[in-house]
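Asks: show me the folded form of this:
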Amino acid sequence: MNSPIVSDNSAVLTSWKDIARYMGKGVRTVQRWEQDFGLPVRRPLGSNKKAVLARPRELDAWVALRCSSRAELSSMQVTLDTQARDRSLMVLSSLNAKIETSRLLRDNNIMLMNEVKAAVEELRSRLVSMHQPAL
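Replies: Coordinates of the predicted model:
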């Protein structure tokens, strides 16, 4: 006969019934958990598909990893949302600074181009006046 609920974490559960009893669920539920969510159940090499083994400590670790409370998940989501918002603000701040620098450079470029145009016009008028025959 299979062993009842296992209290020793080094023991091995050897049937779906033992695993279900240990998990406090029905056999069909733990089989679905294995199929859909990766419940850590092993099958001995060379045996049929119905033979299974599971270690309580692995099941406990799986439950701890997969079944966080909604409060913990909500807290993690708030932390991630805050971090994402902070990152977004930093990126926006950096982008705003770059846009402002770009505007200043553009304005300076326009002023320099106007100064160059004025200097070229002045040179042109001097050259024209130098090459005009004296009257």
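
Asks: now the residue nearest the centre of the chain: how far from residue 123?
Replies: For the chain, the residue nearest the mean C-alpha position is residue 80 (8.9 Å; C-alpha atoms, centre = their mean). Here residue 80 is placed at a distance of 63 Å from residue 123 (C-beta to C-beta, to the nearest Å). Placement of C-beta: from N, CA and C, glycine included.

Asks: helix or strand: which one has the residue nearest to the centre of the chain?
Replies: Under the criterion of DSSP states H and E, residue 80 resides in helix 70-131.

Asks: average pLDDT for that helix?
Replies: The average pLDDT within helix 70-131 is 86.

Asks: chain center to it: distance?
Replies: When C-alpha coordinates are averaged (C-alpha atoms, centre = their mean, to the nearest Å), helix 70-131 and its chain have centres 30 Å apart.

Asks: same check on stretch 18-33?
Replies: The mean C-alpha position of stretch 18-33 is separated from the chain mean by 33 Å, C-alpha atoms, centre = their mean.

Asks: mind checking the end-to-end distance for it?
Replies: Using C-alpha to C-alpha, to the nearest Å, the end-to-end distance of stretch 18-33 comes to 15 Å.

Asks: now it: buried residues?
Replies: Neighbour counts over stretch 18-33 (16 or more other C-beta atoms under 10 Å) mark 18-23, 30-31, 33 as buried.
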